[in-house]
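Novice: fold the following for me, if possible:
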Amino acid sequence: MKMDSFFKMSVLAAGLVAAMGANAGDTGTLNVTGTIIAASCTVDASSTAEVPMGSLSAASFADVGAISEKKDIVLNLTSCPTSQTGVMFSANGAADATNNQLLALSADSEATGLGIAIYNKGGALIPMHETSAAAPINAETGVATINLEAAAMSTAQSVTGGSFNATTTFVLSYN
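Specialist: Predicted coordinates:
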């Protein structure tokens, strides 16, 4: 019985300490706002759907972070909301386990030690789940083009050979 009472008192004391901690400190207000865009851009059929990386040599990935030649990705967008000035791309796929800024290779890939890096055209790496630079939307036609690049990037000291692929869905956001 003494143990049962001690246990109850310990639980009560822990609850009081937790409650005091929850009440301590300053309070504030969080105000969430946004805009729902009734219609979004349509990805035109002429957009890049496949990005062939070609045959790459494992020896060209001598160091972690080494990249292959960048390949162009072009997203031609139509019917964009002309009430918005720009549109941005964000990759939604699985991030690489070693470098979470890269798109992970698909589970059926034979090659290892690589991830896929996505870049703004001629610019910086776009980490997974973050947005690209904004592409302007033509206010008269509702047309926009997002230009990106992709490269294989080594995530390990040793890259093993074999076929590889990576797939991602993407989200468009507006400003």
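
Novice: only C-alpha atoms for contact and neighbour calcs from this point on.
Specialist: Noted.

Novice: what is the neighbour count of residue 35?
Specialist: Here the neighbour count serves as a burial measure; for residue 35 (other C-alpha atoms under 10 Å) it reads 6.

Novice: and it, what does it touch?
Specialist: Contacts here follow C-alpha atoms under 8 Å, 6 or more residues apart in numbering; on that basis residue 35 touches nothing.

Novice: pLDDT value on the closest residue to residue 145 other than its chain neighbours, please?
Specialist: Closest residue to residue 145 apart from its sequence neighbours, by C-alpha to C-alpha, 6 or more residues apart in numbering: residue 76 at 4.7 Å. As predicted, residue 76 sits at a pLDDT of 96.

Novice: do the same with the one 4 residues further on
Specialist: Confidence at residue 80, expressed as pLDDT, is 95.

Novice: for residue 36, see how far away it is.
Specialist: Here the criterion is C-alpha to C-alpha, to the nearest Å. By it, residue 80 lies 14 Å from residue 36.

Novice: more neighbours: which of the two?
Specialist: Applying other C-alpha under 10 Å to residue 80 and residue 36 shows that residue 80 carries more neighbours, namely 23 against 6.

Novice: and the gap between the more buried one and residue 29?
Specialist: With C-alpha to C-alpha as the criterion, residue 80 and residue 29 are 35 Å apart.

Novice: same check, this time on residue 124
Specialist: Taken as C-alpha to C-alpha, the spacing of residue 124 relative to residue 29 amounts to 35 Å.

Novice: equivalent analysis for residue 151, please.
Specialist: Relative to residue 29, residue 151 is positioned 43 Å away (C-alpha to C-alpha).

Novice: list of residues touching the longest strand seen in the chain?
Specialist: Longest strand of the chain, by residue count under DSSP state E: strand 144-154. Outside strand 144-154, the residues that touch it by C-alpha under 8 Å, 6+ apart are 51, 53, 61, 63-78, 80, 87-89, 113-122, 134-138.

Novice: give me the buried entries from these.
Specialist: Neighbour-count burial within the contacts of strand 144-154 applies to 61, 65-68, 70-73, 75-78, 80, 87-89, 113-121, 134-138; the criterion is 16 or more other C-alpha atoms under 10 Å.
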